[in-house]
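>>> Next one to model:
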Amino acid sequence: MGFESFFNQSITVYPYTGFDAYGNVSWSTTASTYAAFILETVKAIRDKSGVDKVSNTQVYMDGAVVINIEDKITLPSGNQPIILAVQRFPDFTGEYVLTEVFT
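Alright, predicted model coming up:
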């Protein structure tokens with residue numbers, strides 16, 4: 001039995017595409033939906049700049065899912081929190097088995 005049995009919710013991911021002419025972040029209009037396990041708990045983490053932050057929600061997904069810190073996600077509640085960090089966990093063969101997103 002793998003992690004998949006716990007993925008009873010889903011999130012929508014809009015990939016980061018760059019900046020528009022005004023310097024605003026832009027995302028693709030094509031979204032992907034992934035099965036996930038969402039845990040609302042407080043965790044201290046470090047963001048991509050090495051600054052200590054507080055993550056209030058962690059999203060766990062299959063390791064094959066690749067999410068970048070600049071992407072936009074939509075939770076089942078409709079909230080679109082900022083992604084603070086992304087961590088992927090490999091097994092002993094080097095294959096990624098779990099992706100964790102901190103928001």
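>>> what are the phi and psi values for the residue nearest to the spatial centre of the chain?
Closest to where the C-alpha atoms of the chain average out (C-alpha atoms, centre = their mean) is Val101, at 3.5 Å. Backbone torsions of Val101, given as degrees, to the nearest 10, read phi -110, psi 130.
>>> got the contact list for the nearest residue in space to it that is not next to it in sequence?
Spatial nearest neighbour of Val101, excluding adjacent residues (C-beta to C-beta, 6 or more residues apart in numbering): Val59 at 4.3 Å. Quick note: C-beta positions are derived from backbone N, CA and C, even for glycine. By C-beta atoms under 8 Å, 6 or more residues apart in numbering, the contact list for Val59 reads Ile11, Ala36, Phe37, Ile38, Leu39, Ile73, Leu75, Glu100, Val101, Thr103.
>>> follow-up on the earlier one: if I look at the residue nearest to the centre of the chain, what pLDDT would I see?
Val101 carries a pLDDT score of 96 in this model.
>>> surely it meets Ile67?
Yes - if you go by C-beta atoms under 8 Å, Val101 and Ile67 touch, sitting 5.7 Å apart.
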